[in-house]
Each structure stands twice: as structure tokens, then as C-alpha cells.
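>>> Here is a sequence together with a model predicted from it:
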Amino acid sequence: MYETFGEFDSAEEMLDVIDALKAEGDFNSLKILAKENGLNFNDNDVYVDTFTAAVGKLEVEKKEKAVKDYEKKIPAEPIVEYLTSRCMEDDIAKAIRKKSKSLAECLKHVEAEARKIVTKDKPYLPDLTVFNMALDYYRK
């Protein structure tokens with residue numbers, strides 16, 4: 001997933017590398033960085049801020065094998081959509097971008113928390129409960 005540039009811990013860290021690549025005129029590497037991080041590459045440029053960095057990470061991780069395999073238990077798409085909407089909040093976006101957090105681990109957290117609540121009498125959880133479990137994972 002992050003084969004060439006590794007995973008960035010923040011939009012600021014990524015922006016430093018983007019600026020260095022632009023200064024060097026290394027637009028091929030800039031394009032690779034954009035692809036690895038789910039960012040748009042247009043006219044030899046990449047725009048990144050806290051929101052786009054977090055959303056890009058979610059979009060890239062959503063395609064990972066571990067997430068796809070996990071979707072048999074918990075669908076990632078609605079969780080990603082909810083988290084994306086919450087990325088307008090800077091603290092949420094920064095939490096999602098952290099290297100120590102991943103969508104696959106978020107799904108594992110949601111499953112573990114859901115197992116504590118779900119019973120035979122109540123075999124489901126409201127969406128908002130699941131979404132809050134995902135938020136809790138990223139905030140910890």
C-alpha cells in the first residue's frame with residue numbers, strides 16, 4: 001500500500017515531501033505519492049490538507065485485502081462514508097491519518113465491541129452505534 005513513500009502520520013508531513021518533490025521537478029514520484037495516498041494528481045500538482053489526507057487514507061485502505069476479507073462480517077463502505085463525513089472535523093481527520101490507526105483494525109475493534117452488546121434477543125446494532133464505535137477506535 002505505501003511501498004514507495006511509506007505511511008505519513010499527518011498532512012503536514014506529506015506536504016513537506018510534496019514540496020520537496022515539486023522543488024526537484026520529480027513529478028513522476030509526486031504522481032506515485034498521490035496514488036499511494038488516495039490523492040488527486042492534476043497538472044503535475046497534488047493538493048493535500050488534513051481532510052484530503054484522511055479521506056485519501058480511508059479510500060486506499062478500503063481496497064486492502066484485509067478490509068475486503070473482513071467485509072464478510074462488517075461492511076466497510078458505510079463506516080468509511082460516515083468517517084469521511086466526519087473528516088470535516090480537524091481532530092477526526094488527524095486521528096484517522098495517524099500511522100498507528102488503520103481501517104482493518106477499526107473493523108476488528110467494531111466487531112469486538114459489537115460482540116459485547118449483540119445478543120440472540122437483539123441480533124443487530126443501530127448504524128449510529130457502529131459508527132460511534134469506529135470513531136472511538138480512531139480517537140483512542
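Done, it's in. Residues are numbered from 1 along each chain as shown.

>>> Tell me the helices and strands packed up against the host helix or strand of residue 69.
Assessed by DSSP states H and E, residue 69 sits inside helix 65-70. Using 3 or more CB pairs under 8 Å, 6 or more residues apart in numbering; DSSP states H and E, the elements in contact with helix 65-70 are helix 103-117. Heads up, the C-betas are built off the backbone N, CA and C, glycines and all.

>>> quick one: buried residues of the helix it packs on?
Within helix 103-117, the residues that count as buried by 16 or more other CB atoms under 10 Å are 103, 104, 105, 106, 107, 108, 109, 110, 113, 114.

>>> so for the helix holding residue 69, what's the average pLDDT?
Here helix 65-70 scores 92 as its mean pLDDT.

>>> cool, stretch 28-43 as well?
On average, stretch 28-43 scores 95.

>>> Equivalent analysis for stretch 79-95, please.
97.

>>> what comes into contact with stretch 132-140?
Stretch 132-140 is contacted by residues 79, 82-83, 86, 92, 95-96, 98, 101, 105-106, 109-110, 113-114 when judged by CB atoms under 8 Å, 6 or more residues apart in numbering.

>>> if I pick the residue most central in space within the chain, what's in contact with it?
When the chain is reduced to its mean C-alpha position, the closest residue under CA atoms, centre = their mean turns out to be residue 58, at 2.5 Å. Shown in contact with residue 58 (CB under 8 Å, 6+ apart): 38, 80, 83, 84, 87, 96, 103.
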